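Chemist: Got a sequence here, can you build the structure:
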Amino acid sequence: MIRTIVLIVLLSAGCYYGAMQGAHTLGNDHMIFRGNLMFPAFLSTEDRREAEEAGDDNLDIYPTFNFSTGATSRLDVGLSAYGYGVGPHVKVGILDPAKPEAISVLLNASYVIPAKVIGTRASIAVGRRFGTDLEAWAGYELGYSPDFLNIPEKPDGGHDWNEVDNTVFQCIRIGCQYELGSPGSYVPESIVIEFLVPLDLRWNMIVAGLGITY
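Modeler: Residues are numbered from 1 along each chain as shown. Predicted coordinates:
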């Protein structure tokens, strides 16, 4: 049942923005699962009306997931699920993990299930810890994958994956993470909030993401 629910949610997701990860790596042997819900918001009602009428570059609310583990103090590996795709990711910390400041690079490759092609993304983040519980960061994300927002339709109304084009997508990321409980407890380990500014859409919008970590 759980596998079926996760698959349905994954296949209903239709976008690809948002890493929902900070600049710091997890640390050796630290393992997490994070579920995220992304909320797109237009900056004007005019843009919203035009997007609904045009039917392109129109984002809906969508979920993302990631499972990560600290392979070393500066290296995280894991599995991410974005719109229509799932695949591995690697996160490399550049600075000494003991420092409050951090710079990291996140790389991800996803197998896009309906299109049977590989989508890729890369993100760089710069962040800082404030005390032991709060981390804030800013970053840039760039990717290349099928254009999930503008999938041609078949005469019967289904998606025509044979006609979908690939596209470059990019966004600015600003986020924070607040630690709530210790790893392994019933209380979520942390909550993540990330604001994304897509740079490749026709309409002016932001995406607000909320994530819960266990």
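Chemist: Now stretch 143-163: buried residues?
Modeler: Neighbour counts over stretch 143-163 (16 or more other C-beta atoms under 10 Å) mark Gly143, Ser145, Pro146, Asp147, Phe148, Leu149, Ile151, His159, Trp161 as buried. In this view, the C-beta of every residue, glycine as well, is placed from N, C-alpha and C.
Chemist: I figured Gly93 hits His24, correct?
Modeler: Yes: contact criterion C-beta atoms under 8 Å: Gly93 and His24 qualify, at 6.9 Å.
Chemist: Now tell me what touches stretch 120-132 from outside.
Modeler: Residues outside stretch 120-132 that contact it (C-beta atoms under 8 Å, 6 or more residues apart in numbering): 16, 19, 21-24, 100-110, 135-145, 173, 179.
Chemist: overlap in contacts of Gly93 and His24?
Modeler: Contacts common to Gly93 and His24, judged by C-beta under 8 Å, 6+ apart, are Ala102, Ser104.
Chemist: Of those two, which one has the most company?
Modeler: Taking Gly93 and His24 together and counting by other C-beta atoms under 10 Å, His24 has the greater number of neighbours (25 against 22).
Chemist: Give me the phi and psi for Asn150.
Modeler: phi -130, psi 60 (degrees, to the nearest 10).
Chemist: Just list the residues touching it, thanks.
Modeler: Neighbour list for Asn150: Asp56, Asp57, Val164, Asp165, Thr167 [criterion: C-beta under 8 Å, 6+ apart].
Chemist: Which one of the residues you listed is nearest to Phe42?
Modeler: Closest approach to Phe42 among those (C-beta to C-beta): Asp57, at 10.8 Å.
Chemist: would you list every one of the strands in this protein?
Modeler: Shown for the chain, the strands assigned by DSSP state E span residues 31-42, 62-72, 75-82, 85-93, 101-112, 117-130, 134-146, 166-179, 190-198, 205-213.
Chemist: so which of the ones you listed is the most packed in?
Modeler: strand 75-82 (a mean of 21; mean count of other C-beta atoms under 10 Å).
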